[in-house]
Structure formats: C-alpha cells, structure tokens
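S.K.: no sequence for this one, just the structure:
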C-alpha cells in the first residue's frame, strides 16, 4: 500500500462513516468520511483509490453520485453500500459499469466489521500503478493505420486456454496489439473500430491470420505438438464465399493441419449476412477447422441461429465470469451457457478467469476450459514457449 492511497466514504449516517474511517485507519490506510456528496468533486484527487458509497441518501442519492462520477471520468474502485434489496444493488452495479466505473464490491447493511476489514484488505492495491491512457484519448490518423498495415506494426500476443479437469494447455488464442511508434503497445479497442470504419478490417484479419499460422509452428517443443491456435475472424471476411479455400490455402502454406485451428467469431456476427455466414462456416467445419462462438451473451444472436451454426466451442464472456460470485444474474448466465453449450454438443470455455474461486465454481458446473490471468496474461511470441515449457515441467512434477 502506497502512502498516498486514500479512501473516501460517502454516507449520510455519520456513525457509519466514522466506523469505516476508524477501521481503515487501523489498517494503516488514510480515509475521509463525508455526509454530503456535494463535497466529492473537491476531495476526488488522483490519490483516491477507493470510494465507499451509500445508495440511500436524502439530499443526493447514490445513483446521482454514480452519474456524477461517470461525468468526472472517475477511476477509483467503488464499493456500493445499502440495506435495499440485492436485485436493486446489482442493478446499480450494472449502471456503474455502463458509466465506465469500476465496481470493487458491495456491502449489504447491516454489515459485520469482519466483512468491512476483508473488503478493505482485498481491494486496496499494494502499489498505485500509473493510470493507463484510455483509447478515447489516443488519436491515430488514417495515414498511421495504413502505414501500420504496410509496415506490419501489428503483433500477436497469445493467451493459453486450459482444460479445467486435467490442467492441460489445449489452445492459444491469438490477440492483436499495435506496436505504435508514438504511443507504444496499444490494445485492439484503440484500432479495430477505426480499421472497420476505414474498410480495412478484412486486410488486417488476413495479415493477422498469416502471422498467427506462421508463428503457430514454433509452439511445438520436446516432442509435444503445438497447442491449437485460435484466430479471431472479422464478420466482413465471412461474407466472402471463397474464405474457406483461401484460409485453408494459408494453413497449408504454413503446414498447419486444419484440425489444429480454431476460428473465433463474435455472437453478434452470426446475425449479419446469415446465408453467406452459414455457407462459409459449414464449409470450414467440413474441412475440419474448429469454430468458436466468442463473447456469448453480449450480442444479439437468437437461439435458432446458435442451433444452426456448426460450432465446436461456446465461450462465456469475461464480464459474466468476473461478476458471477457477486451478481446472481451473471451466475445464472454462466450456468445456463454451460448447459446450453453441452446440450448442443459444444465445448464451453470461460474467459477472464482470475482466481481459484472462479475456477472451482466453473469446475463444479462442468465447464470444460478456462483462460484468464489465473493462468497467464497474453504473452508476446518470445515468452510463449518459455511459459509452455515451465507449465509442462510443473505438470510432470505434480
């Protein structure tokens, strides 16, 4: 915990504010309690790392405060406190996330002191990391994007996909990054929408597919075959009826068997150009390429469309996994997605798995695979084989 870290408490009950402040200070944390949310803008400094906010306040309620924090572009974690129903609390959390606010937990009143202590210990960072510049503040020009394609400034990072039952690494998802000459390494949110708007997303996807298939050959080691490689494909590419033949030609060029490739498409993509999409995806499956439906539950695919797509894998979006212990609606989504996937003969993979509690929940519910920070962050090419080697060594010693 850095000395500069600071906690704010907003609660019209002065006794509650003083209790939280005393508890925080007993843990060596600096805390300021206020009964009037109007003071918040003055006290919201860069040192503030956590805000505990009561929803039910007479002058300015918690929803109004969340709206204000959203307008201020607030970055601290927020803990919602209330004695109202759990469903209302969960809805307030959903609203906060829609405002790009970070929810760090909730406390249902009356709470026990031990709950408060656990929350403060668990959510206050040990080190205050420098703020990440959001993509909305990074302006890249059309010339820079065209130059990036021509000069191959886009690179792939790889995140392992692990079999939950055995611990075996079954796949590596290829995730694009931009090694920008001015801004450094940029995530896909900073450039994918711009590429789509420019009509260059298809060229970008073919560039990444070529790079991913070429690099996939390097992941075999010590007589072990390379894990399956998962490549994200644009909906625009799936409108081309020649896509399967061109894609398999590219795989052949790099000597990668079709059954070692997973093509990932987003759920929302299933609804665009359904006839050509079904044509292309069915032919890919006939050629032994595996298919994955990504971000399930966040788009607008109808169940009938899901039934029609010959997919091997259904991926649970990280947003549901992240909140499934705190949010009953997200928990139901996770459970039902696993059931639906298995009923349709698909393997189910959960994204965004960050701790053992999430993994154990998924294991008990019969989820097949997991990927997330619990196993590894996305790794650059140079680090993937070292990670795989260490994973194999640990498995052999277990």
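M.R.: Sure, I can see it. Given the structure is predicted, the values throughout are model-derived calculations rather than measurements.
S.K.: nearest residue to the middle of this structure?
M.R.: residue 318 (4.5 Å; Cα atoms, centre = their mean).
S.K.: and the strands in the stretch 1-150 of the chain?
M.R.: Using DSSP state E, counting those that start in this stretch, the strands found in the stretch 1-150 of the chain span residues 6-10, 30-34, 48-54, 77-82, 102-108.
S.K.: export those strands to JSON lines and tack on mean neighbour count?
M.R.: In short, each C-beta sits where N, CA and C put it, glycine included. Formatted as JSON lines, the strands of the stretch 1-150 of the chain follow (neighbours: other Cβ atoms under 10 Å):
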{"stretch": "strand 6-10", "mean neighbour count": "24"}
{"stretch": "strand 30-34", "mean neighbour count": "18"}
{"stretch": "strand 48-54", "mean neighbour count": "24"}
{"stretch": "strand 77-82", "mean neighbour count": "22"}
{"stretch": "strand 102-108", "mean neighbour count": "18"}
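S.K.: lowest-confidence stretch among these?
M.R.: Among those, strand 102-108 has the lowest mean pLDDT, at a mean of 84.
S.K.: buried stuff in stretch 324-337?
M.R.: Of all the residues in stretch 324-337, those buried under the rule 16 or more other Cβ atoms under 10 Å are 324, 327, 330-331, 333-335, 337.
S.K.: so which one among those residues has the lowest pLDDT?
M.R.: Lowest pLDDT within those is found at residue 327 (83).
S.K.: output the contacting helices and strands for the lengthiest strand in the chain.
M.R.: As assigned by DSSP state E, the longest strand anywhere in the chain is strand 169-180. Under the contact criterion of 3 or more Cβ pairs under 8 Å, 6 or more residues apart in numbering; DSSP states H and E, strand 169-180 touches helix 142-151, strand 154-163, strand 184-186, helix 201-216, strand 228-232, helix 381-397.
S.K.: of all the residues in the first one, which ones are buried?
M.R.: When burial is assessed from 16+ other Cβ under 10 Å, helix 142-151 yields the following buried residues: 144-145, 148.
S.K.: ditto for the third one
M.R.: Judged by neighbour count using 16+ other Cβ under 10 Å, the buried positions of strand 184-186 are residue 186.
S.K.: right, and the helix or strand after that strand?
M.R.: Remark: after strand 184-186, the chain's next helix or strand is helix 192-197, criterion DSSP states H and E.
S.K.: contacts for that following helix, please.
M.R.: Helix 192-197 is contacted by residues 140, 145, 176, 201, 204, 234, 236 when judged by Cβ atoms under 8 Å, 6 or more residues apart in numbering.
S.K.: just the mean pLDDT for that helix, thanks.
M.R.: On average, helix 192-197 scores 90.
S.K.: returning to what we had before: state the pLDDT value of the residue nearest to the centre of the chain.
M.R.: Looking at residue 318, its pLDDT stands at 90.
S.K.: ok, residue 266 next?
M.R.: Confidence score, pLDDT, at residue 266: 76.
S.K.: distance check, it against residue 247.
M.R.: Taking Cβ to Cβ, to the nearest Å as the measure, residue 266 falls 18 Å from residue 247.
S.K.: between the two, which is the more surrounded one?
M.R.: Shown here are residue 266 and residue 247; by other Cβ atoms under 10 Å, residue 247 has more neighbours (25 against 21).
S.K.: I'd assumed residue 35 was in contact with residue 17.
M.R.: Yes: with contacts counted by Cβ atoms under 8 Å, residue 17 reaches residue 35, the gap being 6.6 Å.
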